[in-house]
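Engineer: output the structure for:
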Amino acid sequence: MIESLFDTLAFLEAIGSILAVLAGIVLLLVFWFIGGYNGLVRLRNRYRNAFAQIDVQLKRRHDLIPNLVETAKGFMKHERETLEAVIEARNTAASAREGLNPDDAGQMQGLMAAEAGLGSMLGKLFALSEAYPDLKSNQNMMQLSEELTTTENKVSFARQAYNDAVMLYNTKTETIPTNIIAGMFNFQQATLFEVANEEERERVDVSFD
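Structural biologist: Numbers count the residues shown, from 1 in each chain. Take a look at the predicted model:
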């Protein structure tokens, strides 16, 4: 009887040990799950914030262009088609930027295409301006071109920071084991802000030195 009681107690103790181990494993899994999820959220918020910095500089760029074109109009009277094309490209890019969600790959592709088109038209405008010495020496044009150059540089730096953040996030969503959490909670791959063509890749030269 006593031996049977000891056997029962030993069995219950063994069961208790097994349950304690299982509880510990479950607890570790819960902590891992929470940590993985929170890590993905932090990385997603990082690239969203990085895109917000790009957006600030793109808005500045878009705001400068109408003043630039208006100044150029007084000197480039025979380049009306080009000036109108610059404004149209600027408006297309501004529309693509308004309300953009960086999580949406389609919207990001649309913005990149619009910005590439704008960069191409600005390049054409400044190439044509070489034939107008009075425009190049105009104080207002020189100031606007300097501001635009500064903005272009800031766009480039902001884009690099954004792409770095996207790479970290995308790597996390693709690698084991956090890809399991990413799949469960629909953490989609983010889109890199890439240069769409070689003209835009070479950055618009707006110097009137």
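Engineer: centre-most residue in this structure?
Structural biologist: Centroid-nearest residue in the chain, with C-alpha atoms, centre = their mean: Phe51, separated by 3.8 Å.
Engineer: contact partners for that residue?
Structural biologist: Neighbouring residues of Phe51 by C-beta atoms under 8 Å, 6 or more residues apart in numbering: 102, 162, 193. Any C-beta I mention is one placed from the backbone N, CA and C, and that applies to glycine too.
Engineer: could you rerun that using 7 Å?
Structural biologist: Contacts for Phe51 (C-beta atoms under 7 Å, 6 or more residues apart in numbering) come out as 102, 162.
Engineer: same check on Leu43?
Structural biologist: Contacts of Leu43 by C-beta under 7 Å, 6+ apart are 168-169, 172.
Engineer: for the protein, give me the ranges with low pLDDT.
Structural biologist: 1-12, 196-209 (pLDDT under 70).
Engineer: can you pull out the helices in it?
Structural biologist: Using DSSP state H, the helices of the chain run over 2-73, 80-97, 105-129, 133-136, 139-174, 178-184, 198-201.
Engineer: against Arg46, how distant is Ala123?
Structural biologist: Actually, residue 123 is Gly rather than Ala. Using C-beta to C-beta, to the nearest Å, Gly123 is found at 32 Å from Arg46.
Engineer: what do you get for Tyr132?
Structural biologist: When distance is defined by C-beta to C-beta, Tyr132 is 45 Å away from Arg46.
Engineer: do Thr92 as well
Structural biologist: 29 Å.
Engineer: ditto for Ala131
Structural biologist: 46 Å.
Engineer: who has more neighbours out of the two?
Structural biologist: Between Ala131 and Arg46, counting by other C-beta atoms under 10 Å, Arg46 is the more crowded of the two (17 against 12).
Engineer: check contacts around that one.
Structural biologist: Arg46 is in contact with Ala165, counting by C-beta under 7 Å, 6+ apart.
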